[in-house]
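# Next input, structure requested:
(one chain, ligands or ions: 2)
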Amino acid sequence: MNPHPPDTESAQPPKIECSNVTVSFSDHQSVLRDLSFVVEPGRIVSLLGPSGCGKSTLLRCLAGLQSLQNGSIFIGGQSPTMARPKMSYVFQDAGLLPWRNILDNVGLPLELEGTPTSIRRERSESSLHSVGLAHEHFRKYPSQLSGGMKMRASIARALVKDPLLMLMDEPFAALDDMLRSRLNELLLGLHRRRTRTIVFVTHNIAEAVFLSHHVAMLINGKIVREVDVPFAQPRTSELRSDPAFVQLCGEIARSFAELAETTDQMEVV
Ligand code: ADP
Ligand code: MG
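Ligands and ions are numbered 1, 2, ... in the order given. From the prediction side, this is the model:
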């Protein structure tokens, strides 16, 4: 029996509860090993770890796209599959359809649900405005936009159904540092205006610390350490040069180096 009653107020951002999650691919050693963690409602939590440690696999589990060998996941008291209408997914690749203009790309999730054209247009425009894309770009095609604009459009598409949970898999990893910083600030601004639960995957320590209330460090399919990030909101770009921020990033880097000594994987930037 499900010990977690579903959220009574469905418009609240969900809590995520993972218990003893284990995932293996065939007879490969387990990719996720007895992993337990909780994300409180409305929090931004980063899954931080080196390439290949299982971050994307864990995110796919949260989205109900990957079955578990053992353990359980509840999202607002529901199974991930049942909770899927509440969530949206953002990948590193903006994944826009090249033959559709930006407005029609952003409106696609609504179109698939049969939302009437006028409502779809209004919500898509509002979503594009919220990510800072100017009206002049709405009728352009993806090939006519820069990488940063494409990512803004991808986030707008993820927001168009007003999800309560966002799963983001290294969305800014392909962007240059300045653009990445600007989009980090955009994401925090969006979260201030509308509180959602966000699980953000990254291998960049400064990005994880800047964005998150809480950081879960992964190595080799296990959460090896969890860190509460103490900095108050709103966080602005000045935080990046604050000695306390720099110190926390350094401490996490050292912690990875120590904890990874027992594994054969490293390369956290
Ligand atoms: P990360 O996102 O942290 O880079 P992944 O979750 O993508 O890591 O992958 C973790 C490990 O699981 C890697 O060793 C990867 O090769 C393996 N893996 C991921 N998906 C599959 C799959 N569908 N079949 C077999 N192995 C996989
Ligand atoms: Mg990955």
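
# Where does the prediction get shaky in the chain?
The chain contains residues with pLDDT under 70 at 1-10, 28, 262-269.

# Which residue ranges of it form strands?
For the chain, strands defined by DSSP state E occupy the ranges 16-23, 32-39, 44-48, 70-75, 87-91, 165-169, 197-202, 214-219, 222-228.

# residues near the residue nearest to residue 253 when sequence neighbours are not counted, how many?
Nearest non-adjacent residue to residue 253, counting by Cβ to Cβ, 6 or more residues apart in numbering: residue 205, 5.8 Å away. Quick note: C-beta positions are derived from backbone N, CA and C, even for glycine. By the measure other Cβ atoms under 10 Å, the count of residues near residue 205 is 22.

# do residue 213 as well
Close neighbours of residue 213, defined as other Cβ under 10 Å, add up to 18.

# now it: how far from ligand 1?
Distance of residue 213 to ligand 1, given as Cβ to the nearest ligand atom, to the nearest Å: 21 Å.

# Show the contacting residues for that residue.
Taking Cβ atoms under 8 Å, 6 or more residues apart in numbering, we find residue 213 in contact with 40, 43, 44, 45, 228, 229.

# try it again with 10 Å
Counting by Cβ atoms under 10 Å, 6 or more residues apart in numbering, residue 213 makes contact with 39-40, 42-46, 191, 198, 228-231, 233.

# a markdown table please, covering the strands of the chain and showing mean neighbour count and distance to residue 175.
Shown next, in a markdown table, are those (neighbours: other Cβ atoms under 10 Å; distance: least, Cβ to Cβ, whole Å):
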| stretch | mean neighbour count | distance to residue 175 |
| --- | --- | --- |
| strand 16-23 | 19 | 27 |
| strand 32-39 | 19 | 25 |
| strand 44-48 | 26 | 17 |
| strand 70-75 | 19 | 28 |
| strand 87-91 | 21 | 13 |
| strand 165-169 | 24 | 13 |
| strand 197-202 | 25 | 12 |
| strand 214-219 | 22 | 21 |
| strand 222-228 | 16 | 25 |
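
# quick one: which of the ones you listed is nearest residue 141?
For the strands of the chain, the distance to residue 141 is smallest for strand 87-91, at 19.5 Å, taking Cβ to Cβ.

# which other helices and strands contact the closest one?
Packed against strand 87-91, as judged by 3 or more Cβ pairs under 10 Å, 6 or more residues apart in numbering; DSSP states H and E, are the following elements: helix 55-62, helix 147-159, strand 165-169, strand 197-202.

# Name every strand pairing with it and say which way it goes.
According to DSSP bridges, strand 87-91 forms sheet pairs with strand 165-169 (parallel).
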